[in-house]
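Colleague: when you get a sec, could you give me coordinates for this:
(one chain, ligands or ions: 1)
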Amino acid sequence: MAAVTYELKKTCKQSGARLGTIHTPHGSIDTPMFMPVGTLATVKTLSPEELEDMNAQIILSNTYHLWLRPGEDIVQEAGGLHSFMNWDRPILTDSGGFQVFSLSDFRNIKEEGVHFRNHISGEKLFLSPEKAMQIQNALGPDIMMALDECPPYPAEESYMKASVERTSRWAERCLEAHQNKETQGLFGIIQGGEYEHLRKQSADDLISLDFPGYAIGGLSVGEPKDVMNRVLEFTTPLLPSHKPRYLMGVGSADSLIDGAIRGVDMFDCVLPTRIARNGACMTNHGRLVVRNAAYARDFSPIDRDCNCHVCRNYSRAYIRHLIKSNETFGFRLTSYHNLYFLLDLMKKVREAIMEDRLLDFREEFFEQYGFNRP
Ligand SMILES: CCCSCc1cc(N)cc2c(=O)[nH]c(N)nc12
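Modeller: Alright, predicted model coming up:
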């Protein structure tokens, strides 16, 4: 029995969207869905109990960061990530490659792996497909990611082709190095940038290796939204309909809806908690920067159309005061609301797919939120 399986439940009549359920050793996940990011084994400022209260079905953590601190050996001695962080629902870990490329000021990519400098201590380190698998096998997430290279945007076609071919060879090495096939699912990551023929090559290579799920990487790296949507339009249909599709690093409300319309099942992004720590909030009527002076005497909730614990109990004025005072509780309130907002948005997306009205929902939401407003 595979560790991770996907059950396709309904395909939307209006678009490529679909409803499904991902079954993992730590529970099932209704899709399309958003995954809060807990880079260092915590979703910043929030407790596992609060994440369960807002119906977070799965959270992410990061191989690169946990390898550096506290070390995968300590997490393994604790019984794995679930025990270490007291989270008994599913966990997905990224493979570390993206973080090496985005965080390290020195890196040298070779066939055997990537040489880089620890962004904290400066020491030289080396990450190979085998090492990425050893770390993830020790951390014990339900879903692991193969080691890939996420080239910058834009990238020359010749560089992208060589990178895709190396990522495919690394994916095969990850499969060979995988130690816990019965308890941990391994997803392949499709690369290829904006080049349709390279996306096809990457998909063909990885589909031939029969992963239980596939991620679309190399997006949300600075490309315009119309480029992302165009790449999704020709990439998502290449992927098996009976396996989960994960769009990496995508998390604004409009991108989640547009990704679901194009058949994406899983999303993650640090955006909701990152902007929360700057006093910015996602609402059904656009982004609200609650730290602004305009809200000093505004005793209404962050979002009058939100039913979260924060919007039912705290005012903009109070939250602005806490943020301006650098009070941790202020960041907790904005983080809780933003994650609740995206999780609730995906619940509404699932309901719209069930009722075959996702495109109508998109129009209503975009109009109310102010997307596409000139
Ligand atoms: C915890 C963070 C998960 S998503 C990080 C991420 C984000 C984005 N935007 C792209 C990629 C990618 O192409 N490959 C990999 N492994 N990760 C990516």
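
Colleague: what's the neighbour count on the residue nearest to Thr236 when sequence neighbours are not counted?
Modeller: Excluding the flanking residues, the one nearest Thr236 by Cβ to Cβ, 6 or more residues apart in numbering is Gly263, at 4.2 Å. For the C-beta atoms, the positions are set from N, CA and C on the backbone; glycine is no exception. Counted with other Cβ atoms under 10 Å, the neighbours of Gly263 add up to 22.

Colleague: Gly263 falls within a helix, correct?
Modeller: No. Gly263: not assigned to a helix; according to DSSP: H, G, I helix; E, B strand; the rest coil it is coil.

Colleague: so it makes contact with Gly20?
Modeller: No. Checked against Cβ atoms under 8 Å, the pair Gly263 and Gly20 is beyond contact range at 10.4 Å.

Colleague: can you name the residues of the stretch 201-350 of the chain that neighbour the ligand?
Modeller: Residues of the stretch 201-350 of the chain lying close to the ligand (Cβ under 6 Å from any ligand atom) are Gly217, Gly218, Leu219, Ser220, Val221, Met248, Gly249, Asp268.

Colleague: for these, which single residue is the most surrounded?
Modeller: Gly218 (32 neighbours).

Colleague: how near is the residue nearest to Thr236 to Cys150?
Modeller: 21 Å (Cβ to Cβ, to the nearest Å).

Colleague: is stretch 156-175 in proximity to the ligand?
Modeller: No. Using Cβ under 6 Å from any ligand atom, stretch 156-175 never reaches the ligand; the gap is at least 9.1 Å.

Colleague: what's that stretch in contact with?
Modeller: Defining contact as Cβ atoms under 8 Å, 6 or more residues apart in numbering, one finds that stretch 156-175 is touched by 95, 109, 111, 128-130, 132-133, 146-149, 151, 155, 186, 188-189, 191-193, 195, 198, 201-202, 205-206, 209, 211.

Colleague: please indicate which of these are buried?
Modeller: 95, 109, 128-130, 132-133, 146-149, 151, 155, 186, 188-189, 191-193, 195, 198, 201-202, 205-206, 211 (16 or more other Cβ atoms under 10 Å).

Colleague: which ones among those map onto helices?
Modeller: Pro129, Glu130, Ala132, Met133, Leu198, Gln201, Ser202, Asp205, Leu206 (DSSP state H).

Colleague: let me see the contact set for Glu196.
Modeller: Shown in contact with Glu196 (Cβ under 8 Å, 6+ apart): Phe234.

Colleague: now the spatially most central residue of the chain: closest residue in space, sequence neighbours ignored.
Modeller: What sits nearest the mean C-alpha location of the chain, by Cα atoms, centre = their mean, is Asp268, with 1.7 Å. The shortest distance from Asp268 to any residue other than its chain neighbours is 4.2 Å, reached at Met35 (Cβ to Cβ, 6+ apart).

Colleague: quick revisit: hang on, the residue nearest to the centre of the chain packs against Gly259?
Modeller: No. If you go by Cβ under 8 Å, Asp268 and Gly259 don't touch, sitting 11.3 Å apart.

Colleague: could you measure Leu51 against His119, distance?
Modeller: Distance, Leu51 to His119, by Cβ to Cβ: 27 Å.

Colleague: of the two, which one has the most company?
Modeller: Comparing Leu51 with His119 by other Cβ under 10 Å, the one with more neighbours is Leu51, at 23 against 17.

Colleague: buried ones in the helix or strand that His337 is a member of?
Modeller: Following DSSP states H and E, the helix or strand that holds His337 is helix 328-354. Neighbour counts using 16+ other Cβ under 10 Å place 330-346, 349-350, 352-353 of helix 328-354 among the buried residues.

Colleague: and the next helix or strand past that helix?
Modeller: helix 358-369.

Colleague: got the angle between that following helix and helix 328-354?
Modeller: Per axes from the mean of the first three to the mean of the last three Cα atoms, to 10 degrees, the angle that helix 358-369 makes with helix 328-354 is 150 degrees.

Colleague: just checking, what packs against the helix or strand of the chain with the lowest mean pLDDT?
Modeller: Lowest by mean pLDDT, DSSP states H and E among the helices and strands of the chain is helix 97-103, with a mean of 87. Contact here means 3 or more Cβ pairs under 8 Å, 6 or more residues apart in numbering; DSSP states H and E; on that basis helix 97-103 packs against helix 63-68, strand 113-117.

Colleague: repeat that with 10 Å
Modeller: helix 63-68, strand 107-110, strand 113-117, strand 124-127, helix 129-139 (3 or more Cβ pairs under 10 Å, 6 or more residues apart in numbering; DSSP states H and E).

Colleague: need these in JSON lines (columns: mean pLDDT).
Modeller: Output for the helices and strands packed on helix 97-103, formatted as JSON lines (pLDDT from 0 to 100):
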{"stretch": "helix 63-68", "mean pLDDT": "97"}
{"stretch": "strand 107-110", "mean pLDDT": "93"}
{"stretch": "strand 113-117", "mean pLDDT": "95"}
{"stretch": "strand 124-127", "mean pLDDT": "96"}
{"stretch": "helix 129-139", "mean pLDDT": "98"}
